[in-house]
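Enquirer: with the sequence up front, the predicted model follows.
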Amino acid sequence: MIQILAGEKGQGKTKRLIEMANEASKTIDGNVVFIDDDSRHMYDLHYGIRFVETSKYKICDYEVFIGFIYGILSQNGDIQKIFVDGLSNIIQSLNGEDVENLCEILDRISTDYSVDFVIIYSAPLSEVPENVKKYLA
């Protein structure tokens with residue numbers, strides 16, 4: 001399953017994502033991963049959540065991000081949820097078509113590895129690609 005939290009900056013998406021991650025860490029049996037472009041929210045998360053900061057990695061497009069996700073999954077087969085804050089900040093080059101392709105691949109990964117994704121995509125709802133709207137939460 002993929003859930004996209006879309007909207008413009010300042011609408012409380014990150015706060016909601018942190019709340020969802022903290023709740024998941026208490027209610028699921030597997031592991032939770034939180035991916036962010038910086039470390040400012042690291043201490044807002046439950047201590048059992050694996051925090052991954054991407055600023056040290058050059059994630060230039062969605063294909064590199066997919067490889068990054070596979071790397072995380074290869075290290076731990078018990079991951080059940082992955083939360084991604086600031087997709088547009090993590091991936092240096094991201095357009096509407098890229099978001100569609102990314103969601104299609106993440107949907108397959110979700111099925112193949114039994115992992116759920118919750119992602120923040122900072123864009124007005126009117127700019128969310130049509131094929132991505134089915135993932136909006």
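Expert: Right, received. Where do you want to start?

Enquirer: for the chain, what spans make up the helices?
Expert: 13-27, 62-75, 87-90, 96-113 (DSSP state H).

Enquirer: now, of those helices, which is deepest in the fold?
Expert: Among these, ranked by average contacts under mean count of other CB atoms under 10 Å, first place goes to helix 87-90 (a mean of 19). Yep, even glycine has a C-beta here, placed from its N, CA and C like the rest.

Enquirer: same for that helix, what does it pack against?
Expert: Contacts defined by 3 or more CB pairs under 8 Å, 6 or more residues apart in numbering; DSSP states H and E place helix 87-90 against strand 116-122.

Enquirer: the strand it packs on: which residues count as buried?
Expert: D116, F117, V118, I119, I120, Y121, S122 (16 or more other CB atoms under 10 Å).

Enquirer: in contact with the residue nearest the centre of the chain, which residues?
Expert: Closest residue to the average C-alpha location of the chain: V84 at 2.4 Å, with CA atoms, centre = their mean. Residues near V84 by CB atoms under 8 Å, 6 or more residues apart in numbering: I35, D36, I90, F117, V118, I119, I120.

Enquirer: hmm, P129 and E100 touching each other?
Expert: Yes: using CB atoms under 8 Å, E100 is in contact with P129, at 5.0 Å.

Enquirer: quickly list what's touching both of those two.
Expert: Common neighbours of E100 and P129 (CB under 8 Å, 6+ apart) do not exist.
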